[in-house]
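Trainee: Generate a structure from the sequence data that follows.
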Amino acid sequence: MKMRAACVAGCVLIASGCARNRAGVIASLPLPQTRSRTQTTPERALAPQVERIPPRAFSGPKPRYESTWSPPGGVRDRWGAIVIHHSASESGSAASFDRYHRDVRQWEELGYHFVIGNGHGSSDGLVEVGSRWVKQKHGAHCKTPDNFYNRHGIGICLVGDFRAAPPTAAQIRSLKRLVGFLMRECDVPPEKVVTHGAVTGKTVCPGPRFPMHALRRSLSAGSRASVLP
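Mentor: Numbers count the residues shown, from 1 in each chain. Have a look, this model is predicted:
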């Protein structure tokens, strides 16, 4: 009897000890962490996020330099070519050429639609917008028997004499941007980007050092890329 009572008492002590130990272990464990409804799960944080973009939003806003090239009243449906010139002078600007065309040539205003500076007279690569482009007015830069390139050609003059030296790198970058913009806005194909001399056959303008072949390749590649899906 005494042996049975001792066994029972021992079992009770062991059971109570296990219960106390179990409770102690549970009490020592950290409380479960609850996740708020707004907290992002690791799986979602690592998953790629797909943004829904409206169809016409892929092109984005026009670069800052392009926004200054758009005439206030919009582009007229009259342009069919882009004619590239050089000034055949070491320096110059839209303002100085405008004075020359008014005072010497007796024209109404600057004959070109755009002038791109070379750092002498205006900043290197600066695209100056002429008053004829603002008004969407015919040019006075490339006379032919039918006067097509004055009536329908956009005249761009790069400051410099490219018989002796090529345009600056900044001028070429600006020219590509400007011509690309005009091709898109006026629907001018690459083959209609021409030089003054090629059209008239009476001048070497814009000079043998002007990289026309490289420019045309670049424009053609850009034109093909623009129609890819």
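Trainee: Quick check: closest non-adjacent residue to G130.
Mentor: Spatial nearest neighbour of G130, excluding adjacent residues (Cβ to Cβ, 6 or more residues apart in numbering): L110 at 4.6 Å. In short, each C-beta sits where N, CA and C put it, glycine included.
Trainee: tell me which residues of stretch 114-124 are tucked away?
Mentor: 114-118, 121-122, 124 (16 or more other Cβ atoms under 10 Å).
Trainee: Looking at the residues you listed, spot the one nearest D161.
Mentor: Closest to D161 out of the buried residues of stretch 114-124 is N118 (9.8 Å), distances taken as Cβ to Cβ.
Trainee: Just confirm that closest one contacts P166, I think it does.
Mentor: No. Counting by Cβ atoms under 8 Å, N118 stays clear of P166, with 10.6 Å between them.
Trainee: Any regions of this protein where pLDDT drops low?
Mentor: 1-65, 222-229 (pLDDT under 70).
Trainee: all helices in the protein, in order from the N-terminus.
Mentor: 2-28, 42-46, 64-67, 94-103, 131-135, 148-151, 169-186, 196-200, 212-226 (DSSP state H).
Trainee: Could you give the number of residues near D98?
Mentor: 19 (other Cβ atoms under 10 Å).
Trainee: Same question for the one 4 residues further on.
Mentor: Counted by other Cβ under 10 Å, the residues lying close to R102 total 14.
Trainee: Any figure for the gap between it and S131?
Mentor: Distance from R102 to S131, counting by Cβ to Cβ, to the nearest Å: 11 Å.
Trainee: Next, show the common contact partners of the two.
Mentor: E109 (Cβ atoms under 8 Å, 6 or more residues apart in numbering).
Trainee: any idea how far F114 is from the residue nearest to V75 when sequence neighbours are not counted?
Mentor: Distances taken as Cβ to Cβ, 6+ apart put E185 closest to V75, at 5.0 Å, once the chain neighbours are dropped. Separation of E185 from F114 (Cβ to Cβ): 13 Å.
Trainee: Touching both of those two, which residues are there?
Mentor: By Cβ under 8 Å, 6+ apart, no residue touches both E185 and F114.
Trainee: Now do G73: how many residues are near it, please.
Mentor: By the other Cβ under 10 Å criterion, the neighbourhood of G73 contains 9 residues.
Trainee: what number of residues lie near the residue lying closest to D161 once chain neighbours are set aside?
Mentor: Leaving out its chain neighbours, the residue that sits closest to D161 by Cβ to Cβ, 6+ apart is A88, at 5.1 Å. Neighbourhood size, A88 [other Cβ under 10 Å]: 18.
Trainee: contacting residues around A88?
Mentor: A88 is in contact with 161, 163, 205, 207, counting by Cβ under 8 Å, 6+ apart.
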